[in-house]
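Engineer: the following comprises the amino acid sequence and a computationally predicted model.
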Amino acid sequence: MGNRDLTNAFNQFKCDIRRYLRNNSGGTGNPGVGLGDPVTIEEIRDSSTGDTPVFYIQSSGLDTLAVYDPNDTTSPDNGSTIVVDGLGRRYRIISLLEFLQQIVLTFNIFQTA
């Protein structure tokens, strides 16, 4: 498989992840992957439902996730790496690529024998 094929496959995978985040998400009152539609940092700050472990953020063409960190109770909201919701819960903002890398490492997807 050439570099172009790998790039095309990766881009398709990112599209599939975006679709998954939208279609298999929790939404208000239902814990799940995140909200069905992308949200803004301001919407996370205003959120006080306390039942969403991951938010999908799409702004300025960048796909990022805000992932709840139950071990963090003190980091200040800086709007770029940490955002705090209306209940004081801290979310770490990561790129979609970092999220995919964590999945690969966690589940040893490309483990060699």
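Structural biologist: Everything's here; your move.
Engineer: wait, R90 touches N78, no?
Structural biologist: No: in this structure, R90 is not within contact of N78 by Cβ atoms under 8 Å, at 10.8 Å. C-beta: built from backbone N, CA, C; applies to glycine.
Engineer: higher neighbour count, the two?
Structural biologist: Neighbours per residue, other Cβ atoms under 10 Å: of R90 and N78, the larger number sits with R90, 20 against 10.
Engineer: what sits against Q102?
Structural biologist: I94 (Cβ atoms under 8 Å, 6 or more residues apart in numbering).
Engineer: which secondary structure element contains it?
Structural biologist: For Q102, the host element (DSSP states H and E) is helix 96-107.
Engineer: same check on L65?
Structural biologist: L65 belongs to strand 62-68, assigned by DSSP H and E.
Engineer: and N71, by the same measure?
Structural biologist: N71 belongs to no helix or strand when assigned by DSSP H and E.
Engineer: any idea how far it is from V83?
Structural biologist: According to Cβ to Cβ, to the nearest Å, N71 stands 16 Å off from V83.
Engineer: the two: which has the busier surroundings?
Structural biologist: The neighbour comparison of N71 against V83 (other Cβ under 10 Å) goes to V83, with 22 against 5.
Engineer: for that one, what are its contacts?
Structural biologist: V83 neighbours (Cβ under 8 Å, 6+ apart): I41, I44, R45, A66, D77, R90, Y91, I93.
Engineer: from the residues you listed, which ones fall inside helices?
Structural biologist: I41, I44, R45 (DSSP state H).
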